[in-house]
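Chemist: return a 3D structure for these sequence lines:
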Amino acid sequence: LFNKWAVPYKVFTRSSLHGIQNMRINWLMDNHPQRFREMMMANVLEEHLRDIERRTRERQAQIMDRLMESRHLLNRTDCLKAAPQMTDLDRLNGMNEAQAESMSMAIHEIVEPLSTEQTDTLRGYSGWGGCADAFSDKPEWAALAAEIRELLDDDEYAQARASTLTAYYTPGPVVKAMWDALDIGSAPIQVLEPGCGTGNFMAGIPENIKAHVSGVELDPVSARIAAALNPDATILNADLADCTIHPGFDLAIGNVPYSGDISLDYRTMDGGVSRLPLHDYFVERSVDALRPGGVAMLLTSRYTLDKRSETMRADLARKAELVGVVRLPSSTFARQAGTEAVTDVLVLRKRERTLDRTPDEAWIHSAPIAVPGYQDVTVNVNQAVADDMPAHAVGDIRPVIGRFGGDFDVVFQGDAEQVGERLHGLLSSQMQISQAGPLTPETTGPVARAEIVVRPDHVAPFEYSVDQRGVVWYGDGTTVTEIAHG
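Modeler: Below is the predicted model:
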């Protein structure tokens, strides 16, 4: 087709090649439209195949990287024994998904269980909360910052740095008090721990309770530690905002991440979309995950109850009743996270049916109270707490001047064990007064399937996609929705 153009091409400079190419295309379109369409289709298919090849190589490299992360737990001889048919050339060129899965299973089978010393070391990890300086340029932190940067890959480093503002792991006595305050029958229960960290709550399950725990954790280091320490649990290294939860959990328990700076969109009961602070978003999603009659016992910021806006609490009250709230001392997280913050333990029981309108309950409302000694300075407090402060706090609630005006301090003279004992007593009393019965799974009908699924991020607009578990997803250009559970 192009022979008659060959000689004239020789007189053009290299900078003219783009113009020549356009001339070729125009000539083809005018004189050989059918051939032009065939060539274009061939080019598209060739480019598509090249793209598939490239993505396959990248995927294989990622699989190999993840598999070899376990290299410190096994030697090369064991690895070769696990898959003797694989050569070094195979490892360099990558392998397909099936080979990766079989080799991953083989590796996990030959890794020895953690020793007591290793377990204690991992349990001592308390997250990156309060460690923002370790990711700064401050000279006094330079050595530690360099070591962290060397040990973590780019994604892990980014997640760790981001979690310094939100991750505050829970002291053991507080975890024990929360579990002991629950009246759980002998039947197995399904438990959700949102923002599970290293799995403090799933590790603290009393021996007499039979439970299967599903945990969600964004920080990859914490998620891997949680999986290592709790091999029987299901741990997802994912953002809760990227997860679809099938309601049916009997219990949601844990310490949600706090942040007034990070907000997420949440669809409320009236069908609207509300922009919620991170901790409020986790509380709402946890209640949504419950079966009717299920309980959420969550540690959250005091601002969930105290803030002026009643929108989130009004939405929550339509689907759950507050059966307990205890305000913890501001020093509760000082040892683990190096910070002082007032937090609340909330106990919410999901209603048997969602109410058509917002009920008139005290905990929906908040009101300002004066800060003693300061004219015209107030601080907002939830009505349920204000009605009887001694019954809702481990210690004395004191209005004080904070960094941004009126604030609260909760002062308690006692150690962590005493905080736990007092918390247990207050929670048990409130739940008894509220006539909260035992947390027993439904037995009259089929058991609801409680499950968390991570939504894929690769669904093209207006196309269906099936993931490895057989779940069918549909993308509409804005959101990704689960269509069928395979």
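
Chemist: lowest confidence element among the helices and strands of the protein?
Modeler: Using mean pLDDT, DSSP states H and E, helix 76-82 stands out as the lowest-scoring helix or strand of the chain, at a mean of 35.

Chemist: for stretch 409-418, which positions count as buried?
Modeler: 409, 410, 412, 416 (16 or more other C-beta atoms under 10 Å). Where C-beta positions appear, they are placed from N, C-alpha and C, glycine not excepted.

Chemist: other SSEs contacting the helix or strand encompassing residue 179?
Modeler: Residue 179 is located in helix 172-181, with elements delineated by DSSP states H and E. Packing partners of helix 172-181 (3 or more C-beta pairs under 8 Å, 6 or more residues apart in numbering; DSSP states H and E): helix 200-203, strand 290-301, strand 343-350, helix 416-433.

Chemist: mind putting these into JSON lines with mean pLDDT and distance to residue 152?
Modeler: Below are the helices and strands packed on helix 172-181 laid out as JSON lines (pLDDT from 0 to 100; distance: least, C-beta to C-beta, whole Å):
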{"stretch": "helix 200-203", "mean pLDDT": "90", "distance to residue 152": "22"}
{"stretch": "strand 290-301", "mean pLDDT": "95", "distance to residue 152": "27"}
{"stretch": "strand 343-350", "mean pLDDT": "95", "distance to residue 152": "28"}
{"stretch": "helix 416-433", "mean pLDDT": "91", "distance to residue 152": "30"}
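
Chemist: closest to residue 176 out of the ones you listed?
Modeler: helix 416-433 (5.8 Å; C-beta to C-beta).

Chemist: show me what secondary structure element comes after the closest one.
Modeler: Taking DSSP H and E, what comes next after helix 416-433 is strand 451-454.

Chemist: next, the buried residues of that following strand.
Modeler: For strand 451-454, by 16+ other C-beta under 10 Å, it's 451, 452, 453, 454.

Chemist: likewise for stretch 273-285?
Modeler: Buried, per 16+ other C-beta under 10 Å, within stretch 273-285: 274, 276, 277, 278, 279, 280, 281, 282, 283, 284, 285.

Chemist: what are the ranges of the helices in the stretch 251-400 of the chain?
Modeler: 278-288, 303-306, 311-317, 334-337, 383-387 (DSSP state H, counting those that start in this stretch).

Chemist: residues in contact with the longest one?
Modeler: Yep, that's helix 278-288 we're talking about. 166, 192, 194-195, 240-241, 245, 247, 252, 254, 256-259, 262-264, 266, 276, 296, 298, 300-301, 303-304, 312, 315-316, 319-320, 346, 348, 350 (C-beta atoms under 8 Å, 6 or more residues apart in numbering).

Chemist: among those, name the buried ones.
Modeler: Buried among those by 16+ other C-beta under 10 Å: 166, 192, 194-195, 240, 245, 247, 252, 254, 256-258, 264, 266, 276, 296, 298, 300-301, 303-304, 312, 315-316, 319-320, 346, 348, 350.

Chemist: picking that back up, which residues are in contact with the helix holding residue 179?
Modeler: For helix 172-181, using C-beta under 8 Å, 6+ apart, the contacting residues are 200-201, 204-206, 209, 253, 297, 299, 324, 328, 332, 345, 347, 416-417, 419-421, 423-424, 427-428, 431.

Chemist: how near is residue 174 to residue 422?
Modeler: 11 Å (C-beta to C-beta, to the nearest Å).

Chemist: those two: which is more packed in?
Modeler: residue 174 (25 against 20; other C-beta atoms under 10 Å).

Chemist: ok, the more buried one to residue 217 distance?
Modeler: For residue 174, the distance to residue 217 - C-beta to C-beta - is 19 Å.

Chemist: need the contact list for residue 480.
Modeler: So residue 480 contacts 455, 456, 457, 459, 473, 474 (C-beta under 8 Å, 6+ apart).

Chemist: what about 10 Å?
Modeler: By C-beta atoms under 10 Å, 6 or more residues apart in numbering, the contact set of residue 480 is 242, 244, 455, 456, 457, 458, 459, 461, 465, 473, 474.

Chemist: give me the buried subset of those.
Modeler: 455, 456, 459, 473, 474.

Chemist: please tabulate the residues you listed in TSV, including the columns pLDDT and secondary structure.
Modeler: Shown next, in TSV, are the buried ones among the contacts of residue 480 (pLDDT from 0 to 100; DSSP: H, G, I helix; E, B strand; the rest coil):
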residue	pLDDT	secondary structure
455	79	coil
456	76	coil
459	67	coil
473	73	strand
474	75	strand
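
Chemist: which of these sits closest to residue 185?
Modeler: Nearest to residue 185 among the buried ones among the contacts of residue 480, with distances taken as C-beta to C-beta, is residue 455, at 33.8 Å.

Chemist: do I have it right that that closest one meets residue 473?
Modeler: Yes. With contacts counted by C-beta atoms under 10 Å, residue 455 reaches residue 473, the gap being 6.8 Å.

Chemist: nothing else from me, thank you.
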